[in-house]
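Asks: following is a predicted model, sequence given first.
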Number of protein chains: 2
Amino acid sequence: MNTPFRTSSPGTVTLTALAGIPEVTPHTPLAPLIAAALERHALALQDDDVLIVCQKIVSKSEACYANLAEVEVSTRAREVAARCLKDPRLVEVILRESAEVIRCEPHVLIVRHRLGLVMANAGVDQSNVADSDSRVLLLPRDPDASAARLRVALSKTLGSSPAVVITDTFGRPWRRGVCGTAIGAAGLVTLWDRRGERDRFGRELKVTQVAVADGIAAAATLLMGEAAEGRPVVFARGLLPAYRHETARASDLLRPVAEDLFR
Amino acid sequence: MNTPFRTSSPGTVTLTALAGIPEVTPHTPLAPLIAAALERHALALQDDDVLIVCQKIVSKSEACYANLAEVEVSTRAREVAARCLKDPRLVEVILRESAEVIRCEPHVLIVRHRLGLVMANAGVDQSNVADSDSRVLLLPRDPDASAARLRVALSKTLGSSPAVVITDTFGRPWRRGVCGTAIGAAGLVTLWDRRGERDRFGRELKVTQVAVADGIAAAATLLMGEAAEGRPVVFARGLLPAYRHETARASDLLRPVAEDLFR
């Protein structure tokens, strides 16, 4: 649980999608690409800025691929694939990334990822991946660590230490459509615990914890697009210092399995 | 399902929390309050702007209160209250607002609201409500209609027809903290159906529907705060024309019960 530097929401926030970031190949460092994009937009990075980065380019930079041709399909993956009507090799990759299958229905495979994220297909992705018939993209191994590393790299490249949020898009029970969600974060409040504060009439707020990093991810995803836009990084100014924090992580947003009412 | 006016995400978006909106009393029209706040911020409203409005002030303006002292508690409400350890009068109000109880556990009552929204306590709210020991605030009767009416009223008051999103905060399974969510909308894409479009490598997007209005609601809620800030309206510029739409509604975001895997 995080308490922000200053307990007040920000007043004005500007989000800018950074254009012109090239296709990311394995082991390409992201900080120089982002620095060049910021320069093209005449944006001088400050410590109080936030960079929101799509998971896909983080995974590509970290070479988190699985080659479908090399996958040995287990009996269990074959059974699950028969139920969800997906490629057994893809299902094998998904199961290797997962701690638990939450729902398996025709065309639906929702799992608890080994990171704790409950999501479709363990985040294993074929869209916007070159050669997606033979290889698929996995989530970063430790997205909170990826965010922290990118923060350090940006600081070395540009002299400023912005907050970083790594996003992926998640479907939701009960609601249609996907929303951007924070899977990694560094430098900002992720879960703002406002319990104990009082409302305008002096009544204590009882259950108000705000998923700040998810809100930022959802906002930025509106600008990233999902198809051919190629705008995997969004720059946000105005969110900090209200939401500045040094040790909070996106994994703070995971509800413990013991509190899960929807398994 | 909505297709936007222009199939491309916006490049820059600015969100501004409107300060100084006074406490809303029953039957107070919101358009003049919003017009005055925009003027204080020197913001000239345009058709391509979006106003994001917290459900609380819409409900207060529509006098959507229930008086706890006048509630007759049914046997069923008493049983449910005993299980979730809540005030039986409050539970009676919640059940009257609901079509179905989804989960009832100690300190947790998640229902399907008569509007179709799956949410805690049917959105019945005691925080930031004057006299909250005796009366509670309900959701607007038809939030999509409220959004459409506010759009018309703003057009009459200010000569511009912005999009309007009405938000409430929702908890989520598997993740901690609440996120802003769209419960009413007028004038913009709510669910962007991108199926059939192609990614950067020509691969067809199969499941990409984007919950645009929820993303906007989540972003704006970061600026509204939940406690004593008193900033229930956020002004957004830059989202339209990309997301302009005349007939889309927030209820388009409800997943049909037949597709629900988490009851």
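Replies: Sure, I can see it. Numbers count the residues shown, from 1 in each chain, chains lettered A, B, ... in the order given.
Asks: and the strands in the stretch 101-250 of chain A?
Replies: According to DSSP state E, counting those that start in this stretch, the stretch 101-250 of chain A carries its strands in the segments A:108-113, A:118-120, A:135-137, A:163-172, A:175-186, A:192-193, A:209-210, A:233-237.
Asks: longest helix anywhere in chain A?
Replies: When chain A is parsed with DSSP state H, its longest helix is helix A:143-158.
Asks: does that helix come close to chain B?
Replies: No. Taking C-beta under 8 Å from any C-beta of the partner chain as the criterion, helix A:143-158 and chain B are apart, separated by no less than 14.4 Å. Every residue, glycine included, has its C-beta placed from N, CA and C.
Asks: quick check: mean pLDDT across that helix?
Replies: In this model, helix A:143-158 carries a mean pLDDT of 97.
Asks: circling back: chain B is nearest to which of the strands of the stretch 101-250 of chain A?
Replies: Evaluated over the strands of the stretch 101-250 of chain A, closeness to chain B peaks at strand A:175-186, with 3.1 Å, by C-beta to the nearest C-beta.
Asks: if you drop the residues flanking it in sequence, what lies closest to A:K156?
Replies: A:A31 (7.3 Å; C-beta to C-beta, 6 or more residues apart in numbering or on different chains).
Asks: quick one: that neighbour and A:T157 touch, right?
Replies: Yes. Between A:A31 and A:T157 there is a contact under C-beta atoms under 8 Å: 4.6 Å.
Asks: can I take it that A:T16 is in a strand?
Replies: Yes. Assessed with DSSP: H, G, I helix; E, B strand; the rest coil, A:T16 lies in a strand.
Asks: show me what it is bridged to.
Replies: A:F235, B:T12 (DSSP bridges).
Asks: burial count for it?
Replies: 23 (other C-beta atoms under 10 Å in any protein chain shown).
Asks: from the chain's centroid, how far away is stretch A:213-228?
Replies: Averaging C-alpha positions (C-alpha atoms, centre = their mean, to the nearest Å) puts stretch A:213-228 10 Å from its chain's average.
Asks: ok, now which ones touch the closest residue to A:Q46 other than its chain neighbours?
Replies: Distances taken as C-beta to C-beta, 6+ apart put A:S160 closest to A:Q46, at 5.5 Å, once the chain neighbours are dropped. Contacts for A:S160 (C-beta atoms under 8 Å, 6 or more residues apart in numbering or on different chains) come out as A:L45, A:Q46, A:D47, A:D49, A:L154.
Asks: what are the phi and psi values for A:S160?
Replies: When read as degrees, to the nearest 10, the backbone of A:S160 gives phi -120, psi 150.
Asks: which residues of chain A score low on pLDDT?
Replies: Applying pLDDT under 70 to chain A flags residues A:1-8, A:132, A:205-207, A:226-229.
Asks: care to break chain A down by domain?
Replies: Listed by automatic domain parsing, the domain ranges of chain A are A:14-64+A:140-256, A:65-137.
Asks: any idea which of these is most buried?
Replies: domain A:14-64+A:140-256 (a mean of 21; mean count of other C-beta atoms under 10 Å in any protein chain shown).
Asks: what about that domain, how long is it end to end?
Replies: Length of domain A:14-64+A:140-256, first residue to last, C-alpha to C-alpha, to the nearest Å: 33 Å.
Asks: near chain B, which residues of the stretch 51-200 of chain A?
Replies: Residues of the stretch 51-200 of chain A lying close to chain B (C-beta under 8 Å from any C-beta) are A:103, A:105, A:108, A:110, A:117-118, A:120, A:126-130, A:132, A:169, A:171-181, A:191-192, A:194, A:197-200.
Asks: if we can go back for a sec, with distance to B:V164 added, can I get the domains of chain A in CSV?
Replies: Listed next are those as CSV, based on distance: least, C-beta to C-beta, whole Å:
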stretch, distance to B:V164
domain A:14-64+A:140-256, 17
domain A:65-137, 31
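Asks: between these, which one is closest to B:R237.
Replies: domain A:14-64+A:140-256 (9.6 Å; C-beta to C-beta).
Asks: tell me which of the strands of the stretch 101-250 of chain A sits nearest to A:E23.
Replies: It's strand A:135-137; of the strands of the stretch 101-250 of chain A, that one is closest to A:E23 (C-beta to C-beta) at 12.6 Å.
Asks: how about residues contacting that closest one?
Replies: Residues from elsewhere that reach strand A:135-137, judged by C-beta under 8 Å, 6+ apart: A:56, A:59-60, A:64-68, A:90, A:93, A:124-126, A:129.
Asks: restricted to helices, list the residues you listed.
Replies: Going by DSSP H, the helices hold A:K56, A:S59, A:K60, A:L90, A:V93 from those.
Asks: in those, find the pair that's most separated.
Replies: A:K60 and A:L90 (18.2 Å).
Asks: B:D214 is in contact with A:A218, correct?
Replies: Yes. A:A218 is in contact with B:D214 according to C-beta under 8 Å; the separation is 6.8 Å.
Asks: now do the shared contacts for those two.
Replies: A:C179, B:C179.
Asks: ok so, going back, adding distance to B:G187, write the strands of the stretch 101-250 of chain A out as JSON lines.
Replies: As requested, the strands of the stretch 101-250 of chain A are exported to JSON lines (distance: least, C-beta to C-beta, whole Å):
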{"stretch": "strand A:108-113", "distance to B:G187": "33"}
{"stretch": "strand A:118-120", "distance to B:G187": "31"}
{"stretch": "strand A:135-137", "distance to B:G187": "36"}
{"stretch": "strand A:163-172", "distance to B:G187": "23"}
{"stretch": "strand A:175-186", "distance to B:G187": "18"}
{"stretch": "strand A:192-193", "distance to B:G187": "30"}
{"stretch": "strand A:209-210", "distance to B:G187": "27"}
{"stretch": "strand A:233-237", "distance to B:G187": "24"}
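Asks: can you check which of those gets nearest to A:H245?
Replies: strand A:163-172 (8.1 Å).
Asks: what pairs with the closest one, parallel or antiparallel?
Replies: strand A:49-54 (parallel), strand A:175-186 (antiparallel).
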